[in-house]
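Novice: Here is my input, please return the structure:
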Amino acid sequence: MYLSIIDLIRWFKGDSWKPISRDEVYEELLRYLMEGYFIFDIEMVLNKVKWFVQRGRRGWADCDLWNMDNHLGKVISEMLKELKRIQHGYPAYLEEEEWDEILDSMIKGFELVSDMGNDFIDISFVNSESVKSWFKDNYQREIENDKILKRSLKLFAEHFLNLSD
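Specialist: Residues are numbered from 1 along each chain as shown. Below you'll find the predicted structure:
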């Protein structure tokens, strides 16, 4: 069944499903945009400014706590990429190629963390066979990703004191 924007507006407002005229449609859309999206956009801009200031003052924002693992994964992977790009040395007990491989492994693991939660099931195709297939395909991928992540975290812990330029 197809729902129009007007049907959704009526549903949110709790109105009955009676037919409405074209003028009422335009009036409802205008009211919806002015009351809903416009205010939401202003609030979002104000929140983004607040979060920007929080990051400047204390290094993290309230919104970073919502998905701390994803946020830290993104920050750490970007910092590791930059360290690899500008590195002027490597730990004395390693060769340069070994250090590059270790950095690559850590980067790959933290990129996986930053991408976690981006997979979703499209409910438009849900049936028992498609769900089983989706979980079967993703289960193997998740096992592989878990191994990569564990190795990355182990390397990060082992070489934590060497992560400087």
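Novice: ranges for the helices of this protein?
Specialist: Listed in chain order, the helices of the chain (DSSP state H) span 5-13, 22-32, 38-58, 68-86, 96-115, 128-158.
Novice: what's the closest of the ones you listed to Ser164?
Specialist: Comparing these by their distance to Ser164 (CB to CB), the top pick is helix 68-86, with 8.0 Å. The C-beta positions use only the backbone N, C-alpha and C, and glycine is treated the same way.
Novice: what does the closest one contact?
Specialist: Contact partners of helix 68-86, identified using CB atoms under 8 Å, 6 or more residues apart in numbering, comprise 60, 64, 100, 103-104, 106-107, 110-117, 156, 163, 165.
Novice: Select only the buried ones of those residues in ChimeraX?
Specialist: Here is the ChimeraX command that picks out the buried ones among the contacts of helix 68-86, judged by 16 or more other CB atoms under 10 Å:
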select :64,103,106,107,110,111,112,113,114,156
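Novice: Now do the buried residues in stretch 84-94.
Specialist: By 16+ other CB under 10 Å, the buried positions in stretch 84-94 come out as 84, 90.
Novice: CA atoms only for it - export them in CSV, please.
Specialist: C-alpha atoms of stretch 84-94 as CSV (Å, rounded to 0.1, in the frame of the first residue of the first chain):
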residue,chain,number,x,y,z
LYS,A,84,51.4,6.3,8.6
ARG,A,85,51.4,9.1,6.1
ILE,A,86,53.7,11.4,8.0
GLN,A,87,55.8,8.9,10.0
HIS,A,88,59.4,9.8,10.4
GLY,A,89,60.4,6.5,12.0
TYR,A,90,59.3,3.2,13.5
PRO,A,91,59.9,1.2,16.6
ALA,A,92,63.6,0.1,17.0
TYR,A,93,62.6,-3.6,17.4
LEU,A,94,60.8,-3.6,14.0
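Novice: Would you map out the domains in the protein?
Specialist: Annotated domains of the chain cover 1-63, 67-165 [automatic domain parsing].
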